[in-house]
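Colleague: just the structure for this:
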Amino acid sequence: APYDVGQQRFNDGACDRQGRFWVGTIHEPRDRPAATLYRLDPGPDTGWQLTAGAGGVVTANGLAFPADGHSALWADTRGHRILRFDLDPAEGGLSGRRDWATFAATPAPPSPLYGGRPDGAALDVDGGYWVAMYEGGCIVRLDAVGRRTDTIELPVSCPTMVTFGGEGLRTLYVTTARAGRPADELATQPLAGALWRMPAPVTGLADSRVAVPRG
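Modeller: Residues are numbered from 1 along each chain as shown. Below is the predicted model:
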């Protein structure tokens, strides 16, 4: 493997509009920004290989590829920000890294000024980026230029991933966390860790499928 398996593990993956699969890691010690975003490429013969595309985060999350096929969004969870990249549609290279959206990192919970940090995400057909705000107890929608347009409050503190499904991709599904949360929090949130669903106010963008070479 091109990384230390004792310190990194895969966390969040997605397929770009050209059919390439990407996956980010978590730097498990959580002490420095050493996680990496990899692209899965065909390797020699019939094998596969990982190609590093970006790095410099502690926890990789929220990976999404807008419909234009020329960009990528990536959540730096510990950095409380969403990064945007230009994507070379032919070669799969990432460039032009910049902050696309940022969230207040302090003060820490349980302060009402703390809104959580960005975790898993999905896109809608209008270019909206729906992101689960871990410890924020909500799902936030950002428009195509990174401005907050919608907030859906949840009865649990730690949503971890959101996706669209159901007929016409008009249902939001949200996973939530329970493991490792404080006992006093769980006492008031018995449904923490459950999978939630709710009507979506917009239509989700269909995910791309991985293009597996034949031969």
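
Colleague: and what about the residue nearest the centre of the chain, helix, strand or coil?
Modeller: Residue closest to the average C-alpha location in the chain (CA atoms, centre = their mean): Gly62, at 1.1 Å. The three-state assignment at Gly62 reads strand, by DSSP: H, G, I helix; E, B strand; the rest coil.

Colleague: from Phe10, how far off is it?
Modeller: Distance of Gly62 to Phe10, given as CB to CB, to the nearest Å: 15 Å. From N, CA and C alone the C-beta is placed, and that goes for glycine too.

Colleague: and if you look at Gly168?
Modeller: Distance from Gly168 to Phe10, counting by CB to CB: 31 Å.

Colleague: I'd assumed Thr77 was in contact with Leu63.
Modeller: No - applying CB atoms under 8 Å as the test, Leu63 and Thr77 come out as separate, 11.5 Å apart.

Colleague: looking at the two, which is more packed in?
Modeller: Thr77 (24 against 21; other CB atoms under 10 Å).

Colleague: the more buried one reaches Ala35, doesn't it?
Modeller: No - taking CB under 8 Å as the contact criterion, Thr77 and Ala35 are not neighbours in contact, 9.5 Å apart.

Colleague: okay, and the common contacts of the two?
Modeller: Taking CB atoms under 8 Å, 6 or more residues apart in numbering as the contact rule, Thr77 and Ala35 both touch Val57, Val58, Thr59, Ala60.
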